[in-house]
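>>> Here is a sequence with its predicted model. Questions after.
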Amino acid sequence: MKHIVFLALSGMLLAAPIEKTIDELLDTKQRTELKIPKYDPFKRAKPLLKKKSKQGPYLRVSSPVHLSAIMNSKAFFAGKWHKLGEYSSEGKLIKITSNSVYLRKGTKTKILRLPKHKKMFKIYEKDLK
């Protein structure tokens, strides 16, 4: 039985035509390389990374300045105390009132006002007569 299976397999191998030898298949001159396209994972993000402003590489992010306190002709805003005539990043302090300050930068004047605080409780006075 083993001999019959062996003869059948060898007959099939001899009957099948072999076009190239192993040396021809392994020859480097005839080897064709796969052409794999280059994949760029950031291709979709490139339009988002383009600069939209002409100012420069950095964008200025300014947080709004809040007036926190006014005391003895000085105002507290932008993290420090300022007196009349001083310059800050917001402009020159030109006027201080009881509840607001006026800042001038170029031709524009900016007004910072103290926030109105809501009273937490009301005090009522009662006559005890």
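Perfect, thanks for sending it.
>>> May I ask which helix or strand of the protein has the lowest mean pLDDT?
helix 22-26 (a mean of 67; mean pLDDT, DSSP states H and E).
>>> Pull the helix or strand just after that one out as CSV, backbone CA atoms only.
Note on helix 22-26: by DSSP states H and E, the next helix or strand toward the C-terminus is helix 46-49. Extracted C-alpha coordinates of helix 46-49, given in CSV (Å, rounded to 0.1, in the frame of the first residue of the first chain):
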residue,chain,number,x,y,z
LYS,A,46,-2.1,68.9,7.9
PRO,A,47,-4.8,71.4,7.0
LEU,A,48,-5.6,71.9,10.7
LEU,A,49,-1.9,72.7,11.4
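>>> Let the chain start at 21 from now.
Sure, I'll start numbering at 21, so the last one becomes helix 66-69.
>>> quick check, Ser30 in a helix?
Yes: under DSSP: H, G, I helix; E, B strand; the rest coil, Ser30 falls within a helix.
>>> does Leu132 really touch Ser88, like I thought?
No: counting by C-beta atoms under 8 Å, Leu132 does not reach Ser88; the two are 9.5 Å apart. Where C-beta positions appear, they are placed from N, C-alpha and C, glycine not excepted.
>>> Of these two, give the one with the bigger neighbour count.
Neighbour count, other C-beta atoms under 10 Å: between Leu132 and Ser88, Leu132 has more, with 20 against 14.
>>> what separates the more buried one from Leu87, distance-wise?
4 Å (C-beta to C-beta, to the nearest Å).
>>> what touches both of these two?
Residues touching both Leu132 and Leu87 by C-beta atoms under 8 Å, 6 or more residues apart in numbering: 95, 97, 120-121.
>>> Sort out which of these are buried, if you could.
95, 97, 121 (16 or more other C-beta atoms under 10 Å).
>>> got those as JSON lines, with secondary structure columns?
Shown next, in JSON lines, are these (three-state DSSP):
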{"residue": "Ala95", "secondary structure": "strand"}
{"residue": "Phe97", "secondary structure": "strand"}
{"residue": "Val121", "secondary structure": "strand"}
